[in-house]
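**Q** All I have is the shape, not the residue letters:
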């Protein structure tokens, strides 16, 4: 999605350690008009995939998932990062390692919200090594649901998570796919 | 908003201790078509208020804030619940006590995303005693921004937070305002 590459070039900030900050439109402040355009593009990519439910992870996946769902007219379920007292009954749980925060956490989805009758589209803001996405794929498998694929705003292709999933035959669509960001220069695939 | 009251009556579950769970459409699974209707109603209520920015708190405020912003065409900024390594530079911070989780946490917004030139609409999914909303109001004050008011999906009126803010002259619009939910019977104001 050319418009997203231009937005990253204009507003993104590259920090040492391959960190890309897009807090001005995707992670802290949300440019909602632009987010809706990304949602429309995800709908275009997956409109024939039979998606019945979008699944994401709190917090920063929620906004783009809602944008896509507003065009696809399916519910969103967001995985919670810890088991809270607001969650009742049995849940699907998967363990995820966060490199950003250097710790493990559980992602949790109540069993009542995904079933074997669902065809799930996974949506997230970033894909790097793919730990969060693999946790969601694990949960989709636990539920016995069909996996339509994943839609990602920004994939750091050089960290390999997306290609590893594609090699397993999983459809991964990234609206911007970064092959390199050395010396503050972002190269797209 | 009559449709929201009907949705709560149909899908909400009341637990002892005045807990209302609406995980099927607002807190865990998101009924995005319905969420967009709530967003449209918030736009109708605040369309003449000169709003330049919507501010909410992660996680469950994000979806309804995005829905409203898609009609109001203003950015959303979501306060983060802890200072993460992804936040750079100086931030506004306010302390909030959560009764749900029985602990204090900091809410944090980067200073670059709210300024004295903003007119802020606060949006959240729930309003009870008002601790989270008071934290956001504190941050709006720190930024020197104008406060247009607050838009809430579900207010538990009997916990007093909304009326305390109204008594201070702050505009608080709740799409569903619950006056009582004793004996599993929800009474709206």
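**A** Structure received. Not measured: the values here are computed from a predicted model.
**Q** show me what contacts the residue nearest the centre of chain A?
**A** Nearest residue to the geometric centre of chain A (C-alpha atoms, centre = their mean): residue A:124, 1.3 Å. Going by C-beta atoms under 8 Å, 6 or more residues apart in numbering or on different chains, residue A:124 touches A:56, A:57, A:61, A:64, A:132, A:133, A:136, A:150, A:152, A:153. The C-beta positions use only the backbone N, C-alpha and C, and glycine is treated the same way.
**Q** change it to 7 Å
**A** Counting by C-beta atoms under 7 Å, 6 or more residues apart in numbering or on different chains, residue A:124 touches A:56, A:57, A:61, A:132, A:133, A:152.
**Q** Doesn't the fourth one lie inside a helix?
**A** Looking back up the chat, that one is residue A:132. Yes - counting by DSSP: H, G, I helix; E, B strand; the rest coil, residue A:132 is part of a helix.
**Q** Give me the distance between it and chain B.
**A** Residue A:132 sits 14 Å away from chain B, going by C-beta to the nearest C-beta, to the nearest Å.
**Q** Isn't that residue up against residue A:96?
**A** Yes - proximity of residue A:132 to residue A:96 meets the contact threshold set by C-beta atoms under 7 Å, at 5.5 Å.
**Q** And these two? Which one has more around it.
**A** Taking neighbours as other C-beta atoms under 10 Å in any protein chain shown, residue A:132 and residue A:96 compare with residue A:132 leading, 26 against 19.
**Q** tell me which residues of the lengthiest helix in chain A are tucked away?
**A** Using DSSP state H, we find that the single longest helix of chain A is helix A:32-46. Buried residues in helix A:32-46, defined by neighbour count with 16 or more other C-beta atoms under 10 Å in any protein chain shown: A:32, A:34, A:35, A:36, A:37, A:38, A:39, A:41, A:42, A:43, A:45, A:46.
**Q** Could you restrict those to the ones contacting chain B?
**A** Filtering these for proximity to chain B (criterion: C-beta under 7 Å from any C-beta of the partner chain) leaves A:32, A:35, A:36.
**Q** which of the residues you listed lies closest to residue B:166?
**A** The closest of those to residue B:166 turns out to be residue A:32 (C-beta to C-beta; 27.8 Å).
**Q** Burial check on the nearest residue to that closest one once chain neighbours are set aside, number of neighbours?
**A** The spatially closest residue to residue A:32, leaving aside those adjacent along the chain, is residue B:69, at 3.9 Å (C-beta to C-beta, 6 or more residues apart in numbering or on different chains). By other C-beta under 10 Å, the residues close to residue B:69 number 28.
**Q** now the strands for chain A?
**A** A:13-15, A:19-21, A:29-30, A:53-57, A:76-79, A:91-98, A:103-110, A:119-127, A:146-156, A:172-180, A:187-188 (DSSP state E).
**Q** Tell me which residues are up against the last one.
**A** Residues from elsewhere that reach strand A:187-188 (C-beta under 7 Å, 6+ apart): A:5, A:176, A:177, A:178, A:179, A:180.
**Q** can you put these in JSON lines and add neighbour count and pLDDT?
**A** Putting the contacts of strand A:187-188 into JSON lines (neighbours: other C-beta atoms under 10 Å in any protein chain shown; pLDDT from 0 to 100) gives the following:
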{"residue": "A:5", "neighbour count": "17", "pLDDT": "97"}
{"residue": "A:176", "neighbour count": "26", "pLDDT": "98"}
{"residue": "A:177", "neighbour count": "20", "pLDDT": "98"}
{"residue": "A:178", "neighbour count": "23", "pLDDT": "98"}
{"residue": "A:179", "neighbour count": "12", "pLDDT": "96"}
{"residue": "A:180", "neighbour count": "14", "pLDDT": "95"}
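**Q** Quickly list what the residue lying closest to residue A:141 once chain neighbours are set aside is bridged to.
**A** Once flanking residues are discounted, residue A:141 sits nearest to residue A:147: 7.9 Å by C-beta to C-beta, 6+ apart. Taking DSSP bridges as the rule, residue A:147 bridges to residue A:120.
**Q** Residue A:147: neighbouring residues, count only.
**A** The burial count for residue A:147: 18, using other C-beta under 10 Å.
**Q** Pretty sure it sits against residue A:120.
**A** Yes - Residue A:147 lies in contact with residue A:120 (C-beta under 7 Å); the separation is 5.7 Å.
**Q** Find me the pLDDT at residue A:85, would you?
**A** Note for residue A:85: predicted pLDDT of 44.
**Q** got the residues of chain A near chain B?
**A** Within chain A, the residues that sit near chain B (C-beta under 7 Å from any C-beta) are A:21, A:23, A:27-33, A:35-36, A:58-59, A:62-63, A:66-67, A:69-70, A:73, A:75-78, A:84-86, A:88, A:100-101, A:110, A:113.
**Q** OK, contacts around residue A:180?
**A** Residue A:180 makes contacts with A:158, A:187, as judged by C-beta under 7 Å, 6+ apart.
**Q** let me fix that: residue A:136
**A** A:55, A:57, A:79, A:122.
**Q** Tabulate the strands of chain A in TSV, adding columns for distance to residue B:106.
**A** Shown next, in TSV, are these (distance: least, C-beta to C-beta, whole Å):
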stretch	distance to residue B:106
strand A:13-15	23
strand A:19-21	20
strand A:29-30	19
strand A:53-57	22
strand A:76-79	22
strand A:91-98	19
strand A:103-110	18
strand A:119-127	23
strand A:146-156	27
strand A:172-180	32
strand A:187-188	36
